[in-house]
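[1] coords please:
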Amino acid sequence: MLKKLDFNPTLIWGFVAIAIFMSGDGFEMAFLSKHITDMGFSDSQAAMVFTFYGLAAALAAWSSGVVAELITPQKTMLIGFLMWAVLHTLFLTLGLGLPNYFFMLLFYGIRGFAYPLFIYSFVMLIVQTVPKNQISAAMGWFWSMYSIGIGVIGSYLPSFAIPLIGERGTLWMALPFIIAGGILGVVLLRKVKADESKVNLPLNEKLAELSLAVTILFTNKHILMCSIVRIVNTISLFGFPVIMPLFFTGTLGFTTSEWLQIWGMFFAVTIFTNIFWGIIGEYIGWLRQMRWFGCVGCAISSMAFYYLPYHFGHNYFIALIPAIMLGITVAAFVPMTAVFAVLEPNHKGAAISIYNLSAGLSNFLAPAIASLILLFLPLVYVVYAYTALYIFAAVLTYFIQVEQQPKRVSKEEILTEEMAARHT
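    Residues are numbered from 1 along each chain as shown. This next block holds a predicted model:
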């Protein structure tokens, strides 16, 4: 399928780098909250660590599109890679190692700046170099590589490593993946010709361009509404790893390894569904797909993620069902990058910055909502809150206007595809 995409083949190494880098970034995602509570801290304190991290990720994600446009995506990726390696080391030694809750908040929080600078700068490189009508499909591949890294390798490998070397050893194991992915991306993408039209702008003009990443929310109402939908998009992806380990291992009796494998199944499914929805959205319409399969689908899947295991108890195979459902539905939001780029064709950097900001805010708000609700109510009310947000986002899609002519497949195209398949 990659050979059908009309872009610089060197970009393929960027996709590989994302998979490797996000493997290291994902190691702690599904067990760190439990590890912190096992050290004697409360559920709310553990959620707060992720909340600070998400806030930093949101700020970095917001600025990454414009910064990448102003200094080139490759340089921004280098900054993100170096920050991650240094701050992770400080988090493990001074935060968890002492242990010191202030240093946990500080270094893990600041580390939240790192991964968005790396991966979302690559998104900017995609937007700059891939034809407009292929951005959705290319982003399908991007999110598939993201899923392979943060979800599949990032979940399954720790499930086998933790029984052998423990949680702390598994966290140290992330560094070689970060270094390998960082070097691969920075070195092999350096020759990809990015748009450097804004690199040499005077400082005042660069600051003006950076300010667009804020003002565009007020000058383009469709960007604002898309931003809200994008925040809701991954609310369960960032929220469930914080609350569900407490539910699965604390209430239902699953082991940490079993939970990691269940969460890994969710990401394993998205490897294929990200590519699938990236293509299908070109035919059935971006907004229609996001409304019904994304928003409504995720609302149903989120409720199933709690109630199916709650009803059937410690049943590993039943618990896989909602993970698969969520993996199918959350990927239906893949065309959002193309929607943002089309809504602001003359300021793609600012538009992508808003897209990235929204992704970062999702990373922040998901654990923040959980942290607040868990202070007063049982865990199931967090699931209710996430579900309500998906329904709200579905309604909001009716008010977004974006120019897209869905493709129509003719009989001649089908025959051509079949003939091509027979000769490959």
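[2] pLDDT weak spots in the protein?
    Segments of the chain classed as low confidence (criterion: pLDDT under 70) are 1-7, 203, 405-424.
[3] let's see it at 50
    Counting by pLDDT under 50, the low-confidence segments of the chain come to 1-3, 409-424.
[4] tell me the contacts of the residue nearest to R168 when sequence neighbours are not counted?
    Leaving aside its sequence neighbours, R168 sits nearest to L96 (C-beta to C-beta, 6 or more residues apart in numbering; 6.7 Å). All C-beta spots, glycine's among them, are computed from the backbone N, C-alpha and C. Going by C-beta atoms under 8 Å, 6 or more residues apart in numbering, L96 touches 35, 39, 104, 168, 171.
[5] which of those residues are buried?
    Neighbour counting over the contacts of L96 (16 or more other C-beta atoms under 10 Å) leaves 35, 104, 171 as the buried ones.
[6] And the host helix or strand of the last one, how far out from the chain middle?
    Pointing back at L171 there. Using DSSP states H and E, the element containing L171 is helix 154-172. Remark: helix 154-172 is offset 22 Å from the chain centroid, using C-alpha atoms, centre = their mean, to the nearest Å.
[7] Which strands or helices does the helix or strand just after it pack on?
    Proceeding N to C from helix 154-172, the next assigned helix or strand is helix 174-188, under DSSP H and E. Helices and strands in packing contact with helix 174-188 are listed as helix 11-26, helix 73-90, helix 114-129; criterion 3 or more C-beta pairs under 8 Å, 6 or more residues apart in numbering; DSSP states H and E.
[8] So which of those helices is the most surrounded?
    Most buried of those, by mean neighbour count (mean count of other C-beta atoms under 10 Å): helix 114-129, with a mean of 26.
[9] Need the CA coordinates for that helix. PDB is fine.
    Listed in PDB are the C-alpha atoms of helix 114-129, where the atom choice follows Å, rounded to 0.1, in the frame of the first residue of the first chain:
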ATOM      1  CA  ALA A 114       9.600  16.000  24.600                       C
ATOM      2  CA  TYR A 115       7.500  13.500  22.700                       C
ATOM      3  CA  PRO A 116       5.100  16.000  21.000                       C
ATOM      4  CA  LEU A 117       8.100  18.000  19.700                       C
ATOM      5  CA  PHE A 118       9.400  14.800  18.100                       C
ATOM      6  CA  ILE A 119       6.300  13.100  16.600                       C
ATOM      7  CA  TYR A 120       4.200  16.200  15.700                       C
ATOM      8  CA  SER A 121       7.200  17.800  13.900                       C
ATOM      9  CA  PHE A 122       7.200  14.800  11.700                       C
ATOM     10  CA  VAL A 123       3.400  15.400  11.200                       C
ATOM     11  CA  MET A 124       4.400  18.900   9.900                       C
ATOM     12  CA  LEU A 125       6.900  17.300   7.600                       C
ATOM     13  CA  ILE A 126       4.100  15.100   6.200                       C
ATOM     14  CA  VAL A 127       1.800  18.100   5.700                       C
ATOM     15  CA  GLN A 128       4.600  20.000   3.900                       C
ATOM     16  CA  THR A 129       5.700  17.200   1.600                       C
END
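[10] what helices or strands is it leaning on?
    On a contact count with 3+ C-beta pairs under 8 Å, 6+ apart, helix 114-129 meets helix 11-26, helix 43-71, helix 73-90, helix 135-146, helix 174-188, helix 336-343, helix 348-374.
[11] ok and that helix relative to helix 336-343, angle-wise?
    In this structure, helix 114-129 runs at an angle of 50 degrees to helix 336-343, with axes from the mean of the first three to the mean of the last three C-alpha atoms, to 10 degrees as the basis.
[12] Quick one: distance of helix 114-129 to the chain centre.
    12 Å.
[13] who touches E258 in this structure?
    The neighbours of E258, taking C-beta under 8 Å, 6+ apart as the test, are 159, 248, 316.
[14] now do 10 Å
    Taking C-beta atoms under 10 Å, 6 or more residues apart in numbering as the criterion, E258 is in contact with 159, 248-249, 252, 314, 316, 319.
[15] what sits against G281?
    Applying C-beta under 10 Å, 6+ apart to G281 gives the contacts 136-137, 139-140, 287-290, 293-294, 332-336, 338-339, 404, 406-407.
[16] Tell me the buried residues within those.
    136-137, 139-140, 287, 289-290, 293-294, 332-336, 338-339, 404.
[17] Just the buried residues of the contacts of E258.
    Under a neighbour-count criterion of 16+ other C-beta under 10 Å, the subset of the contacts of E258 counted as buried comprises 159, 248-249, 252, 319.
[18] Just give the closest residue to G154, not the sequence neighbours.
    Counting by C-beta to C-beta, 6+ apart, G154 lies nearest to G26, which is 2.4 Å off, once chain neighbours are set aside.
[19] A350 versus the one you found, what's the distance?
    Counting by C-beta to C-beta, to the nearest Å, the separation of G26 from A350 is 29 Å.
[20] now do F15
    Here F15 is placed at a distance of 25 Å from A350 (C-beta to C-beta).
[21] Then L252?
    Plainly put, L252 is 45 Å away from A350 if you go by C-beta to C-beta.
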